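>>> okay, sequence plus prediction incoming.
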Amino acid sequence: MKRPLPVSPSSASSPWAGTPTTTGQRYDAVDSLRGVAMVWMTAFHFCFDLSHFGFWPQNFRVDPFWTAQRTVIVSLFLFCAGLGQAIAWHQGQGWQRFGRRWMQIAGCALLVTLGSFAMFPQSFIYFGVLHGMAVMLLIARCTANWGRWLWLAGLVAVALPFLAQHLLVGSWVEAAPWFNGRSLNWLGLVSRKPFTEDYVPVFPWLGVMWWGLAAGQWMLSLRSVLLWRPLPGIVRPLSVLGRWSLSYYMLHQPVMIGLLMAVAWWLGRP
């Protein structure tokens with residue numbers, strides 16, 4: 001582990017602040033956890049693609065076996081994003097570097113929208129995991145100094161959609177079309193989910209990112225050994241994958257879809 005630097009003003013303003021590490025230092029534990037999410041996501045998407053091309057029909061919208069997995073996978077991604085923001089805040093990362101990474105994520109989100117529109121014009125992705133992450137990262141960055149209050153904020157964020165759903169089918173039923181419409185349903189305060197291939201609204205998922213941010217700040221302050229402890233060699237490939245998560249995310253589906261299209265063509269499937 002590299003020798004720590006003096007405490008920077010940005011990290012000192014946090015209730016969880018400890019001594020920041022060298023700017024840009026990676027934590028294999030966080031990268032490996034993100035790598036686990038990438039492998040699980042790949043398996044999930046491969047099964048989805050098999051179903052889409054008719055090789056193994058499944059109901060990914062309703063079947064709890066698939067919907068529960070999607071929830072866990074997205075939770076892992078957003079929790080890791082929160083951990084990453086805790087590390088960035090602890091290391092005194094400036095807005096310029098944050099902005100460069102944010103622009104990459106936002107740009108990739110736009111590409112996902114365009115690609116999904118070409119493949120699923122009736123249910124294209126207009127606010128999926130990358131769109132949600134772009135918005136939530138900005139919020140996490142601006143609230144990183146909330147300290148312990150992040151735990152409570154996360155709980156409120158997770159509870160809000162359930163409260164909204166109760167109100168929008170009850171006393172606020174007349175407001176339901178507004179919140180269910182595409183102009184506002186990205187907030188997640190809806191009475192019914194929109195018809196789209198991927199939907200990761202701000203609420204409740206911001207709560208998961210806030211919990212990741214709070215957990216990361218807590219570990220960096222009191223249990224930093226959990227983050228920088230060396231990992232077994234067998235786990236290191238996951239760490240490498242986690243470091244290139246955005247590139248892998250953008251490439252894995254086109255590759256798998258292309259291969260399955262070739263197989264379908266070879267078998268003479270329509």
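Arrived safely.
>>> what about the helices in the stretch 151-270 of the chain?
Ranges of helices within the stretch 151-270 of the chain are 176-180, 202-222, 225-228, 236-243, 245-267, based on DSSP state H, counting those that start in this stretch.
>>> tell me the most buried of these?
helix 202-222 (a mean of 24; mean count of other Cβ atoms under 10 Å). In this view, the C-beta of every residue, glycine as well, is placed from N, C-alpha and C.
>>> could you report the neighbour count for Gly107?
Using other Cβ atoms under 10 Å, Gly107 has 13 neighbouring residues.
>>> quick check: it vs Met250, distance?
Distance check for Gly107 against Met250: by Cβ to Cβ, to the nearest Å, it reads 10 Å.
>>> low pLDDT regions in the stretch 151-270 of the chain?
Scanning the stretch 151-270 of the chain for pLDDT under 70 picks out 270.
>>> dihedrals phi and psi, the residue lying farthest from the centre of the chain?
The C-alpha centroid of the chain is most remote from Gly268, which lies 37.5 Å away (Cα atoms, centre = their mean). The phi and psi values for Gly268, taken as degrees, to the nearest 10, are phi 80, psi 20.
>>> if I look at it, how far off is Trp178?
For Gly268, the distance to Trp178 - Cβ to Cβ - is 49 Å.
>>> check Gly82 too.
30 Å.
>>> and if you look at Gly242?
39 Å.
>>> so Pro194 touches Ser183, yeah?
No - between Pro194 and Ser183 there is no contact under Cβ atoms under 8 Å: 11.4 Å.
>>> and those two? which has more neighbours close in?
Neighbours of Pro194 and Ser183, each counted by other Cβ under 10 Å, are more numerous for Pro194; the result is 15 against 9.
>>> burial check on the closest residue to that one other than its chain neighbours, number of neighbours?
Spatially, and ignoring its direct neighbours in sequence, Pro194 is nearest to Asn185 (5.3 Å; Cβ to Cβ, 6 or more residues apart in numbering). The tally of other residues near Asn185 (other Cβ under 10 Å) stands at 21.
>>> does Asn185 really touch Pro201, like I thought?
Yes - Asn185 lies in contact with Pro201 (Cβ under 8 Å); the separation is 6.8 Å.
>>> and for these two, which residues touch both?
Phe127 (Cβ atoms under 8 Å, 6 or more residues apart in numbering).
>>> number of residues surrounding the closest residue to Phe48 other than its chain neighbours?
In space, and not counting its chain neighbours, Phe48 is closest to Phe60: 5.7 Å by Cβ to Cβ, 6+ apart. Counted with other Cβ under 10 Å, residues neighbouring Phe60 total 16.
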